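Asker: coords please:
(chains A and B)
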Amino acid sequence: MADALTITNLSFSYHSYQERPLEPLFSNLSLSLDEGERVLLLAPFDKGKTTLAKIISGVCPKYFPGTLSGTVHLFGTDLSTIEPWHLLTEVGYVSQNPVEQFIATTVEEEIAFPLESLGLPRAEMSRRIEASLSLWGLTHLRDANEGELSGGERKRVLLAIQEAISPRFWLLDEPFDDLDLMWRVRLKETILAEGKTCLVLASRYLSDFVDLFDRVLLLDEQRIVELPLPEAIERFSTLSGDDRPNPLLTQRIEAHHQATLMADDLTVERRRRSTATSPPFEMHVDSFALHSGELVTLTGPNGSGKSSFSRLLCGLDEPKGGSILLNGKRQGTKELNRSVGYLFQNPDLQIFLPTVEEELAWSLRRRRERSTKEIEAQVGDAAELFGLRLADTPTTMSYPKRKALQAAVYYLLDRPFYILDELDSALTYHSALSIIASLRRRGSGILLITHDRTFAAKVGGRAYTIEDGRLTER
Amino acid sequence: MNTSAYVAGHGWLYRFDPRAKILLMVLLCVFFFLPITLTGLALTVLLVVVVGWRNTGGKNIARVFLSIAPMLLFMLLFSPFNVRSGQSLWSVRSLTIITVEGALQALRLACRFIGITYVCTLLFATTVMGEIMLALRFWRLPYKAALVVTLSFTYIPFIAESFSQISESHRLRESAREERKNYAQRLKDLLPTLTSVLVVALRSIPNLAMSLEMRGLGRSERRTNYRSLDSYTHLFTDFVISIIIVTVLWVLCKA
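Answerer: Model (predicted):
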């Protein structure tokens, strides 16, 4: 069989803001894939999976400056001699973070854009767009804007784009992230489709990968090793620290907070700005309760309203009807803002200062309740608890570190309740569980939103699910 | 990373041909700078706002107004001082602070600013981006220039959206004491929010460039268009209506 991808002695390191090379992500990495082969590459978070995907797509170091040595050949073409637009039908890349790949203002136009670049006739474009919208359950969202989609819907749009282009080589970076069970099954069918050459880069949903790939590779200490799936998973678990004991199982909780957050007969209605024809999104919550020190998980299909419900609980939105009660007393949005900490999925929307120390101290200084010394001590303790260095610059820190900083900021706010929106996305189980344990140690109640049932099982506690616009306890 | 300014609806502006809508937008923007009476200018702006309200809803109209309110406030506060001659409106002893002419000029500037903002916003609020691209191409704008125009107009709502999300995040970090913040403190608090918005915006630039090239922008094949403007069957009529609207306004409002 012909070589689809050949990477020879690849080394890469990013540049710092001062244009100095940072620690290398790979050294002399080599890899080859035959045409028609399906390969899984496991790598712990933050070890260069996404960078490798961008190098194979021809956009790194072009748009993400760094020092690269070695060669990458795709279907025999040296990528250093070719521009990314020539690879449109050669490699289809689905990013771990779908937001970064959106360029058009509706789902339909998003899928049409690359087909227009290929110069396809309108009838052919229409046929391909209809087929991919239908395959990925997006027909009703064709006019929707990216901002109106849930994380899973965004991921499905990116997969629908690749379906429409039908590239020779599929390059999927954490493709199972954000997808609910039904769409994970559809993705497996897509990967297994005959004749597909596919490289999946992953660090989660490992149990889904049985019998899906021809080969399993592991990025181990900057080298690639080939292993059978069970051994790869075991080694991966060690590399990412997931074989360590679950910190929630042995945790002792201080009874600092004693409160109950309840929702009673809540109704939500939300219209999409981009479409006048589709019915408004509606959700109903008969009853919901979260007690201090409790761990509760919330699951549900993509676009079912998990984030909408979270926004109500923390007072960012007002419900159409019903009430939210704290210790039996009805709460307004301002009171909820101060009682329920909401950790957004994207930490970059919640951190903004030049150093970790300033970020952690910001809220404490503004409260003017403690002396400078006390604030310094609190900030130091929080940094130690969450494994942060006070002098680091948040914008240049890795994603897991930024996520930890976001959690540390909220830890210092000492809210009686926290909502963690897809905390486990792009974090190892152990890192995510450690963050939950830290936030819960003073007795805060935790509501965790996740798609990953393995992770939900590790967290334990009561479980709610949202389906068909209704929240129920399982 | 793109957020659309489009608001779905069924009003007559949605049925108006985008090519004629661009012409009407340009003519109205020119009209605002013609020698017309202040009353005429104000009434025309009011007419544009009412048309916008009927077509896109009061919420959208209010949102646009809120987004320009700070700049409008600065304009009204500071531009009257630019005109030093004329009848005194407010003076302290012998020093004239504001003249009648200065105040009128400030009002005229504000009306133009509101008018241009709403005229441009209504184009993007009532036309999907693909059709704006085609309409710009009809007016002989090269593809890449049309793409830049449409991307810029999706980037502005994207930044506004990021600003609102980051503000929400800051709100969640406030304490009860901070609810009673004065205006100076609130203004000071804008700085970290704006810094975060800037970081988010800067980070999105390489991603946008990457995605455009990955989707084939730059290929040598002639691009085709998925959308067409064939569903708009009254182009000539809409052109004529656009010209009549502006001509009638000119006749009624000229100084």
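Asker: show me where pLDDT drops low in the stretch 51-200 of chain B?
Answerer: For the stretch 51-200 of chain B, applying pLDDT under 70 flags the ranges B:175-182.
Asker: sorry, that was for chain A
Answerer: A:1-2, A:16-19, A:276-278.
Asker: if I pick the residue in it that chain B sits nearest to, what's in contact with it?
Answerer: Closest residue of chain A to chain B, C-beta to the nearest C-beta: A:Ser117 (2.6 Å). All C-beta spots, glycine's among them, are computed from the backbone N, C-alpha and C. Applying C-beta atoms under 8 Å, 6 or more residues apart in numbering or on different chains to A:Ser117 gives the contacts A:85, A:88, B:215-217, B:219, B:221, B:223.
Asker: got a winner among those residues for most neighbours?
Answerer: The member of the contacts of A:Ser117 that has the most neighbours, counting by other C-beta atoms under 10 Å in any protein chain shown, is B:Arg215 with 25 neighbours.
Asker: what's near enough to touch the closest residue to that residue other than its chain neighbours?
Answerer: Excluding its sequence neighbours, the residue lying closest to B:Arg215 (C-beta to C-beta, 6 or more residues apart in numbering or on different chains) is A:Pro114, at 4.3 Å. Contact analysis of A:Pro114 by C-beta under 8 Å, 6+ apart lists A:88, A:161, A:164-165, B:215-216.
Asker: Under a three-state scheme, what state does A:Pro114 occupy?
Answerer: What DSSP: H, G, I helix; E, B strand; the rest coil gives for A:Pro114 is helix.
Asker: could you give the mean pLDDT of the helix or strand where B:Phe236 lies?
Answerer: In this structure, B:Phe236 sits in helix B:235-253 according to DSSP states H and E. Average pLDDT, helix B:235-253: 95.
Asker: List the buried residues in that helix.
Answerer: Neighbour-count burial for helix B:235-253, counted by 16 or more other C-beta atoms under 10 Å in any protein chain shown, picks out B:238, B:242, B:245-246, B:249-250, B:253.
Asker: For it, which outside residues touch it?
Answerer: With C-beta under 8 Å, 6+ apart as the criterion, helix B:235-253 contacts B:16-17, B:19-21, B:23-24, B:27-28, B:31, B:34, B:36-37, B:39-41, B:43-44, B:232.
Asker: One more: stretch B:88-105?
Answerer: By C-beta under 8 Å, 6+ apart, stretch B:88-105 touches B:38, B:79-87.
Asker: Name the member of those with the most neighbours.
Answerer: B:Pro80 (22 neighbours).
Asker: Kindly state the domain boundaries assigned to chain A.
Answerer: The domain map for chain A lists A:3-240, A:260-473, with the assignment taken from automatic domain parsing.
Asker: What segments of the stretch 51-200 of chain A are helices?
Answerer: A:107-117, A:122-135, A:151-165, A:181-192 (DSSP state H, counting those that start in this stretch).
Asker: Tell me the secondary structure of A:Leu471, please.
Answerer: strand.
Asker: Now for it, how many residues are close by?
Answerer: 22.
Asker: Residue in chain B with the shortest distance to chain A?
Answerer: B:Gly216 (2.6 Å).
Asker: what's the nearest residue to that residue if we skip its chain neighbours?
Answerer: Counting by C-beta to C-beta, 6+ apart, B:Gly216 lies nearest to A:Ser117, which is 2.6 Å off, once chain neighbours are set aside.
Asker: For the one you found, give its distance to A:Gly315.
Answerer: Separation of A:Ser117 from A:Gly315 (C-beta to C-beta, to the nearest Å): 45 Å.
Asker: just B:Arg19 next, same as before
Answerer: 46 Å.
Asker: next one: A:Lys334
Answerer: 7 Å.
Asker: now do A:Leu120
Answerer: A:Leu120 is 48 Å from A:Gly315, by C-beta to C-beta.
Asker: what does the stretch 301-450 of chain A put close to chain B?
Answerer: A:314, A:316, A:334, A:337-338, A:341-342, A:344, A:348-353, A:362-363, A:366-368, A:395, A:409, A:413 (C-beta under 8 Å from any C-beta of the partner chain).
Asker: for the longest helix belonging to chain B, packing partners?
Answerer: If you go by DSSP state H, chain B has its longest helix at helix B:183-214. Identification of packing neighbours for helix B:183-214 by 3 or more C-beta pairs under 8 Å, 6 or more residues apart in numbering or on different chains; DSSP states H and E yields helix B:143-172.
Asker: Would the helix it packs on count as contacting chain A?
Answerer: Yes: legend: contact between helix B:143-172 and chain A by C-beta under 8 Å from any C-beta is shown at B:151, B:154, B:161-162, B:165-166, B:168-169, B:171-172.
Asker: Which one of these is nearest to A:Glu357?
Answerer: Of all the residues of helix B:143-172 next to chain A, B:Ser169 has the smallest distance to A:Glu357: 19.2 Å, by C-beta to C-beta.
Asker: Find the nearest non-adjacent residue to A:Pro121, please.
Answerer: Leaving aside its sequence neighbours, A:Pro121 sits nearest to B:Thr224 (C-beta to C-beta, 6+ apart; 6.5 Å).
Asker: Can you give me the distance of the one you found to A:Gly119?
Answerer: 5 Å.
Asker: just to revisit the earlier point, in the longest helix of chain B, what's buried?
Answerer: Quick answer for helix B:183-214 (16+ other C-beta under 10 Å): B:189, B:192-193, B:196-197, B:199-200, B:204, B:206-214.
Asker: go on, stretch A:63-72?
Answerer: Applying 16+ other C-beta under 10 Å to stretch A:63-72 flags A:63-64, A:66, A:68, A:70, A:72 as buried.
Asker: cool, stretch A:31-42 as well?
Answerer: A:31, A:33, A:37-42.
Asker: and what of stretch A:110-120?
Answerer: A:110-118, A:120.
Asker: Ok, stretch A:101-108 next?
Answerer: A:101-108.
Asker: Considering only those residues, which also neighbour chain B?
Answerer: A:101-106, A:108.
Asker: Mind picking the two most distant members of the residues you listed?
Answerer: Pairwise across those, and taking C-beta to C-beta, the largest span is found between A:Gln101 and A:Glu108, at 15.9 Å.
Asker: Now do the same contact list for the residue nearest to the spatial centre of chain A.
Answerer: For chain A, A:Ser425 is the residue whose C-alpha lies nearest the centre (C-alpha atoms, centre = their mean; 3.8 Å). Residues near A:Ser425 by C-beta under 8 Å, 6+ apart: A:151, A:177-178, A:345.
Asker: One more pass at 7 Å, please.
Answerer: A:177-178, A:345 (C-beta atoms under 7 Å, 6 or more residues apart in numbering or on different chains).
Asker: Can you give the distance of stretch A:373-388 from its chain's centre?
Answerer: 27 Å (C-alpha atoms, centre = their mean, to the nearest Å).
Asker: Over to stretch B:114-130?
Answerer: For stretch B:114-130, the distance to the chain centre is 7 Å (C-alpha atoms, centre = their mean).
Asker: same deal with stretch A:242-261?
Answerer: 24 Å.
Asker: So which bits of it are buried?
Answerer: For stretch A:242-261, using 16+ other C-beta under 10 Å, the buried residues are A:242, A:246-248, A:257, A:259-261.
Asker: which residues are in contact with it?
Answerer: So stretch A:242-261 is contacted by A:237, A:289-293, A:313, A:326-327, A:340, A:416-417, A:428-430, A:433-434, A:436-437, A:440-445, A:458-460 (C-beta under 7 Å, 6+ apart).
Asker: any idea how far A:Leu313 is from the residue lying farthest from the centre of chain A?
Answerer: Here chain A reaches farthest from its C-alpha mean at A:Ser371, the gap being 38.0 Å by C-alpha atoms, centre = their mean. Distance from A:Ser371 to A:Leu313, counting by C-beta to C-beta: 34 Å.
Asker: Kindly report the same for B:Leu27.
Answerer: For B:Leu27, the distance to A:Leu313 - C-beta to C-beta - is 50 Å.
Asker: of the two, who's got more company?
Answerer: The neighbour comparison of B:Leu27 against A:Leu313 (other C-beta under 10 Å) goes to A:Leu313, with 24 against 17.
Asker: wait, isn't that one in contact with A:Gly341?
Answerer: No: checked against C-beta atoms under 7 Å, the pair A:Leu313 and A:Gly341 is beyond contact range at 10.5 Å.
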